[in-house]
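Visitor: Sequence first, predicted coordinates after that:
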Amino acid sequence: MIGVTLPETRAQALELDRADPLAGCREDFVIPEGVVYLDGNSLGPPPHSTLDRIRRLMADEWGGELIRSWTSRGWIDMSTQIAATIASLIGVRPSEVAVADSVSVNLFKLLAAGVRMRPDRHVILTEEENFPTDQYIAQGLADLMPERISLRVVPRRELAAALDEDVAILMLTHVDFRSGAMHDFFRWSEAAHRVGGLVIWDLSHSAGAVPVNLAEADADMAVGCGYKYLNGGPGAPAFAYVARAHHDQFRSPLWGWMGHADPFEFGPEYRPAPGVASLSVGTPPILSLAALQCGVETVAEIGIRRLRAKAMELSEMFIAGVERECRGHGLELASPRNPERRGNQVSFHHSEGYAIMQALIARGVIGDFRAPDLLRFGFAPAYLRYADVWDAVDALAGIMDSNEWDQPRFRVRAKVT
Ligand SMILES: *Cc1c(COP(=O)(O)O)cnc(C)c1O
């Protein structure tokens, strides 16, 4: 990876694409003509297989077999099948993963269960840099049981010092959504266990992006997102992992009929299904699950190691290109320089970051902006070409050289950035 740089000419970038063994994977995805999509870390694009699957599901299964499809088309087992594929991507057993709800809701379930698994502890520890929803969910839990739990939030550099014997749960996001900086699983599992606490990981920017081996890292629990690198579609169901060793003590706080040991017994008392099956709450969203299944399978079939290697190369080229072609324009790298220490995204600081990103999007280079000043670019290499990186750098350099971003229309803030 050392010395990877952006080709001088577009023709050279196209040459790299011709030699790329992953080049054909782009055909698996729907990507509009003329778009360089550097936001697959926020919303993955649809695989072609999803379009076909949803069409058939609507017409033949829902429309054709109606309610019989729960059994005849296996709807009732769909989330378990997807969980097994996700398990293979995060290095754990199929029986340790559930697919349901959103990341936020799953995190609530795991935090509440985890607090109960450490009855003598009263602190959830996290870092200020963590994704807001993760912090809000923990705040909400502390608000629900103030005498039982409190949230301790410290800057990343103070985490180690704040991890003491009051801590029930260390809650961290593996890849930082702003900078892309990646935590060391081993270090934090070991540190949390040394003081007798549990560790819960958020894999939203890791699953489908970087090789993850939660079993090897001795992780206790985890959550992750279906609509980012897993290409499951907007608002796709999320996943949750609970290590086998905890299944006997684990008790989800949300008791719904789909998490019951026998939902169709319609009995008056809740009896949890064994293991992670109790994480299901209400009726699974079959349309969304079908889309998630296609997205997850597309990634799993390509193979996570090959994807990661190319993502590292593309992001290295992008950084080198921006630093070479946009020098003097105030763009400052916000991500770790060592590709081993960041996920598949790269961010740059710029005080006019919002307007610059809007100008880029107007040119068809789609990244996103994160307050207060970050331009964020994701490298999901299943559908990205070397020429796309070249084009993105070229567009950014053009916008910076000409001050194209400096227009009122690029300063209008949308609800979603
Ligand atoms: C995207 C993301 C989420 C999303 O949560 P939802 O409840 O599924 O919307 C949560 N945590 C992190 C770190 C994320 O990046």
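Guide: Nice, I can see it.

Visitor: near the ligand, which residues of the protein?
Guide: Taking CB under 6 Å from any ligand atom as the contact definition, the chain meets the ligand at 102-104, 131, 133-134, 173, 177, 202, 204-205, 225, 238. Where you see a C-beta, it was placed from the backbone N, CA and C, and this is true even at glycine.

Visitor: try 5 Å
Guide: 102-104, 131, 133, 173, 177, 202, 204, 225, 238 (CB under 5 Å from any ligand atom).

Visitor: Quick check: buried residues in stretch 79-95?
Guide: 79-83, 85-87, 89-92, 95 (16 or more other CB atoms under 10 Å).

Visitor: which of the residues you listed sit farthest apart?
Guide: Greatest spacing in the buried residues of stretch 79-95, by CB to CB: Ser79 and Gly91 (19.9 Å).

Visitor: tell me the mean pLDDT over stretch 30-43?
Guide: Averaged across stretch 30-43, pLDDT comes to 97.

Visitor: mind saving the C-alpha coords of it as PDB?
Guide: Taking Å, rounded to 0.1, in the frame of the first residue of the first chain, the C-alpha atoms of stretch 30-43 are listed here in PDB:
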ATOM      1  CA  VAL A  30     -27.600   0.000 -10.400                       C
ATOM      2  CA  ILE A  31     -25.500   3.200 -10.700                       C
ATOM      3  CA  PRO A  32     -26.900   6.100 -12.700                       C
ATOM      4  CA  GLU A  33     -24.900   7.200 -15.700                       C
ATOM      5  CA  GLY A  34     -22.500  10.100 -15.000                       C
ATOM      6  CA  VAL A  35     -22.500   9.700 -11.300                       C
ATOM      7  CA  VAL A  36     -19.400   9.000  -9.200                       C
ATOM      8  CA  TYR A  37     -20.900   7.500  -6.000                       C
ATOM      9  CA  LEU A  38     -18.800   8.100  -3.000                       C
ATOM     10  CA  ASP A  39     -21.700   7.800  -0.500                       C
ATOM     11  CA  GLY A  40     -22.100   4.000  -0.300                       C
ATOM     12  CA  ASN A  41     -21.100   4.400   3.400                       C
ATOM     13  CA  SER A  42     -24.300   6.200   4.000                       C
ATOM     14  CA  LEU A  43     -26.700   4.500   1.600                       C
END
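
Visitor: Would you mind listing the buried residues in that stretch?
Guide: In stretch 30-43, the ones that count as buried by 16+ other CB under 10 Å are 31, 36-43.

Visitor: got it, and stretch 288-305?
Guide: 288-300, 302, 304.

Visitor: One more: stretch 52-67?
Guide: Going by neighbour count (16+ other CB under 10 Å), the buried part of stretch 52-67 is 53-54, 57, 61-62.
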